[in-house]
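A.B. asks: Quick one, structure for this:
(2 chains, ligands or ions: 4)
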Amino acid sequence: MKPFAYLRARSADEAVQESAARPDAVFLAGGTNLVDLMKLGVEAPELLIDISRLPLDQVADTADGGLRIGATARNSDLAAHPAVRTRYPVLSQALLSGASGQLRNTATTGGNLLQRTRCPYFQDTSKPCNKREPGTGCPARDSAQRDLAVLGHSEHCVATHPSDMAVALSALDATVRLHGPDGERTVSATTFHRLPGDTPDRDTEIRPGELITEVVLPPSPDGAASVYRKARDRASFAFALASVAAVLSVRAGRIEHAALAFGGLAHRPWRAHAAEDVLRGAPATDETFERAVDAELTAARPLRDNAFKVGLARNLAVDALAELAADS
Amino acid sequence: MDPSRGRDDGAQQPAATGDRSTLTLQINGTERTLTLDHRTTVLDALREHLGLTGAKKGCDHGQCGACTVIVDGRRANSCLLLAVAHDGAAITTVEGLADGDRLHPLQEAFLDRDALQCGYCTPGQLCSAVGMLGEAADGFPSHATPRRAPVSAPAPLGADEIRERMSGNLCRCGAYPRIVEAIEDVAP
Ligand SMILES: Cc1cc2nc3c(=O)[nH]c(=O)nc-3n(C[C@H](O)[C@H](O)[C@H](O)COP(=O)(O)OP(=O)(O)OC[C@H]3O[C@@H](n4cnc5c(N)ncnc54)[C@H](O)[C@@H]3O)c2cc1C
Ligand code: SF4
Ligand code: FES
Ligand code: FES
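C.D. replies: Numbers count the residues shown, from 1 in each chain, chains lettered A, B, ... in the order given. Ligands and ions are numbered 1, 2, ... in the order given. Coordinates of the predicted model:
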């Protein structure tokens, strides 16, 4: 690891100003991804700006009945928060399906959103990788890509985004608030992460020096139930092969509100707009759920070894929707 | 439970230059002041600078749990914590679990159940189990908690819950069945 300087930010403004003044600086939150990547040599900042003690750890109701989640709230506190467990169960479940108890105690909202891909070539500095070193190529495409993308990938990168939380935030229509040298702005959680295209080195829409201050959830739609389902290689403490976040409300047998997002399939949480179009207004039956999910997954372009993910995701989604319909 | 807020945030702010800082950790109840390279993790501070070799280095990447200690009341992987970022923290390691000669009930249970073979993962298992029991008592849910369980009530701990909540601690010897039994003995 390269030596680095350390600054404990006393305010969000100070963190942003210091970061703008030092392009070689990186924010430190829980450090569970950053410190790992520094040990691997993937990240080599000259300055760490510690934001973990900023007063950005609150979780509080908004005036319109939504919820604001501070960027430094710990994943375990968020998953246990009564408002999240009762009004946004999909978010609590997604968080609890990720990492381990000890890691969730340390990991934060902002860091979870900005964690980097687990693509093994990205993590190995002896290998080329377009995401780590633009222009060097993508060795994953033709080799170990069983865990990688089936949707929205490009010839330059087939990585997936590993966050479970981000998938739930997309299905909940959350927004991400950013504080930067040019002021504040808000980005939808669904488009916060990017598709790789020909710039896979950029994971998200965040700009240099910008700090995530909070994530805001709109009020939960009337009568909506929600659930997170995740398939993985072992029963616990493993990243998703495929996952789904589903939000559904049904009235008199018809679907009123439907939101569906997939994890483990793409460079970002994959919001299933085509499936939602089929679901909205349709009868809440297994036939509808299958037709909707198939309408989405026809876009899948699996690689040599990961076609199994498409069927896995399909079954998870149909099952999740059927479970929510049965509950409502 | 709000343990991370217990620190002295008025502590002097380190300068944004230089690659070492002086910091204080409260280790098993005793204050220790150290000047450390910023790259030093809490795990390396314990093992290399304070002679506390109970916490083990298995993977050094958050994947095995052998380095688990309790930081401000919460279990954490000390291999991923930078010491400089934890200036002022109260840390409990396996060396601090016993009360004098009286072992912690979990340590007794691990002995009674023979819940180890080589013992390498055991300090991490013990600290993790102590932290886990606190989380469950505080009403923290897990992936194994029934969806309709009452919110904020202490979570009842059957074998499934214990396995899920302890999944961040690997055991290469496969002592899992005995580890779960030992924790069940102590769980309320
Ligand atoms: C063994 C292991 C297993 C895991 N399994 C899972 C899993 O199954 N599912 C899952 O979803 N995750 C998993 N994770 C990842 C874990 O969720 C992330 O490491 C964690 O959420 C990152 O949060 P952090 O606060 O520690 O971030 P840090 O490591 O501190 O930061 C990560 C990145 O975000 C930036 N950053 C942090 N906060 C902000 C902010 N407020 N504004 C701007 N930039 C910021 C940092 O500069 C850094 O680049 C696993 C991790 C490990 C080590
Ligand atoms: S898939 Fe993306 S992250 Fe993985 S090697 Fe290719 S370019 Fe790098
Ligand atoms: S040594 Fe820290 S988790 Fe393995
Ligand atoms: S007892 Fe040997 S690793 Fe667990």
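A.B. asks: Show me the residue sitting in the middle of chain B in space.
C.D. replies: Centroid-nearest residue in chain B: B:V69, 2.6 Å away (criterion: Cα atoms, centre = their mean).
A.B. asks: how near is that one to B:L50?
C.D. replies: 12 Å (Cβ to Cβ, to the nearest Å). Every C-beta, even on glycine, is put in place using the N, C-alpha and C of the backbone.
A.B. asks: Am I right that the residue nearest to the centre of chain B falls within a strand?
C.D. replies: Yes - the assignment for B:V69 is a strand, going by DSSP: H, G, I helix; E, B strand; the rest coil.
A.B. asks: where does the stretch 101-250 of chain A dip in pLDDT?
C.D. replies: Under the criterion pLDDT under 70, no range of the stretch 101-250 of chain A is flagged.
A.B. asks: Could you pull out the helices in it for me?
C.D. replies: A:101-106, A:109-114, A:165-171, A:189-192 (DSSP state H, counting those that start in this stretch).
A.B. asks: For burial, what's the neighbour tally of the closest residue to chain A within chain B?
C.D. replies: Of all residues in chain B, the one sitting closest to chain A is B:G168 (2.5 Å; Cβ to the nearest Cβ). Counted with other Cβ atoms under 10 Å in any protein chain shown, the neighbours of B:G168 add up to 24.
A.B. asks: Touching, it and A:G101? I think so.
C.D. replies: Yes - counting by Cβ atoms under 8 Å, B:G168 touches A:G101, with 5.5 Å between them.
A.B. asks: rewinding a little: can the helices of the stretch 101-250 of chain A go into a markdown table with extra columns for mean neighbour count?
C.D. replies: Putting those into a markdown table (neighbours: other Cβ atoms under 10 Å in any protein chain shown) gives the following:
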| stretch | mean neighbour count |
| --- | --- |
| helix A:101-106 | 27 |
| helix A:109-114 | 26 |
| helix A:165-171 | 30 |
| helix A:189-192 | 22 |
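A.B. asks: I'd like to know which of those is closest to B:F110.
C.D. replies: helix A:101-106 (18.4 Å; Cβ to Cβ).
A.B. asks: wait, isn't A:N306 in contact with A:L148?
C.D. replies: Yes - if you go by Cβ under 8 Å, A:N306 and A:L148 touch, sitting 6.3 Å apart.
A.B. asks: Any regions of chain B where pLDDT drops low?
C.D. replies: Short version for chain B, where the test is pLDDT under 70: B:1-16.
A.B. asks: how far away is the residue in the stretch 51-200 of chain A positioned nearest to ligand 3 from ligand 4?
C.D. replies: Using Cβ to the nearest ligand atom, A:Q102 is the residue of the stretch 51-200 of chain A that sits closest to ligand 3, at 7.8 Å. Distance of A:Q102 to ligand 4, given as Cβ to the nearest ligand atom, to the nearest Å: 16 Å.
A.B. asks: Also A:T298?
C.D. replies: Distance from A:T298 to ligand 4, by Cβ to the nearest ligand atom: 47 Å.
A.B. asks: list the contacts for that residue?
C.D. replies: Not one residue lies near A:T298 by Cβ atoms under 8 Å, 6 or more residues apart in numbering or on different chains.
A.B. asks: ranges for the strands of chain B?
C.D. replies: All strands of chain B, identified by DSSP state E, fall at B:20-27, B:30-37, B:68-71, B:74-77, B:90-92.
A.B. asks: now for the ones you listed, which one comes closest to ligand 2?
C.D. replies: Per Cβ to the nearest ligand atom, nearest to ligand 2 of the strands of chain B: strand B:74-77, 24.2 Å.
A.B. asks: any chance of the helices of the stretch 101-250 of chain A in a markdown table, with distance to chain B too?
C.D. replies: Listed next are the helices of the stretch 101-250 of chain A as a markdown table, based on distance: least, Cβ to the nearest Cβ, whole Å:
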| stretch | distance to chain B |
| --- | --- |
| helix A:101-106 | 4 |
| helix A:109-114 | 11 |
| helix A:165-171 | 13 |
| helix A:189-192 | 22 |
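A.B. asks: Which residue is it, in chain A, that comes closest to chain B?
C.D. replies: A:S100 (2.5 Å).
A.B. asks: Most proximal residue of the stretch 201-328 of chain A with respect to ligand 1?
C.D. replies: A:I212 (3.7 Å).
A.B. asks: ok, now chain A?
C.D. replies: Taking Cβ to the nearest ligand atom, chain A has A:G111 as its residue nearest ligand 1, at 2.0 Å.
A.B. asks: Now the phi/psi pair for the nearest residue to that residue once chain neighbours are set aside, please.
C.D. replies: Leaving out its chain neighbours, the residue that sits closest to A:G111 by Cβ to Cβ, 6 or more residues apart in numbering or on different chains is A:A29, at 4.0 Å. Torsion angles at A:A29 (phi, psi; degrees, to the nearest 10) stand at phi -110, psi -110.
A.B. asks: was I right about A:A29 contacting A:G70?
C.D. replies: No - between A:A29 and A:G70 there is no contact under Cβ under 8 Å: 11.1 Å.
A.B. asks: more crowded one of these two?
C.D. replies: Of the pair A:A29 and A:G70, A:A29 is the one with more neighbours under other Cβ under 10 Å, namely 25 against 22.
A.B. asks: Packing partners of the longest helix along chain A?
C.D. replies: As assigned by DSSP state H, the longest helix anywhere in chain A is helix A:308-327. Secondary-structure packing of helix A:308-327 (3 or more Cβ pairs under 8 Å, 6 or more residues apart in numbering or on different chains; DSSP states H and E): strand A:225-231, strand A:242-251, strand A:254-263, helix A:286-297.
A.B. asks: of all the ones you listed, which lies closest to A:L7?
C.D. replies: Of these, the one closest to A:L7 (Cβ to Cβ) turns out to be strand A:254-263, at 34.0 Å.
A.B. asks: so how far is the following helix or strand past the closest one off the chain centroid?
C.D. replies: The element immediately downstream of strand A:254-263 (helix or strand, assigned by DSSP states H and E) is strand A:270-271. On the basis of Cα atoms, centre = their mean, to the nearest Å, strand A:270-271 is displaced by 10 Å from the centre of the chain it belongs to.
A.B. asks: Strand A:270-271 pairs with which strands?
C.D. replies: strand A:254-263 (antiparallel) (DSSP bridges).
A.B. asks: and the strand it pairs with, does that touch ligand 1?
C.D. replies: No - applying Cβ under 6 Å from any ligand atom, one finds strand A:254-263 separated from ligand 1 by no less than 8.2 Å.
A.B. asks: CA atoms only: put stretch B:149-164 into CSV for me.
C.D. replies: Taking C-alpha atoms only, stretch B:149-164 is exported to CSV below (Å, rounded to 0.1, in the frame of the first residue of the first chain):
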residue,chain,number,x,y,z
ALA,B,149,-41.5,-10.7,13.3
PRO,B,150,-42.2,-7.8,15.7
VAL,B,151,-40.1,-4.8,15.0
SER,B,152,-37.6,-3.7,17.7
ALA,B,153,-38.4,-6.7,20.0
PRO,B,154,-35.4,-8.9,20.9
ALA,B,155,-34.9,-11.6,18.1
PRO,B,156,-35.3,-15.2,19.4
LEU,B,157,-32.2,-17.2,18.5
GLY,B,158,-32.7,-20.7,17.1
ALA,B,159,-30.0,-22.6,15.2
ASP,B,160,-31.0,-21.0,11.9
GLU,B,161,-30.7,-17.5,13.2
ILE,B,162,-27.3,-18.3,14.8
ARG,B,163,-26.0,-19.8,11.6
GLU,B,164,-27.1,-16.8,9.6
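A.B. asks: can you tell me if that stretch touches ligand 1.
C.D. replies: No - on the criterion Cβ under 6 Å from any ligand atom, stretch B:149-164 is out of touch with ligand 1, staying 13.0 Å away.
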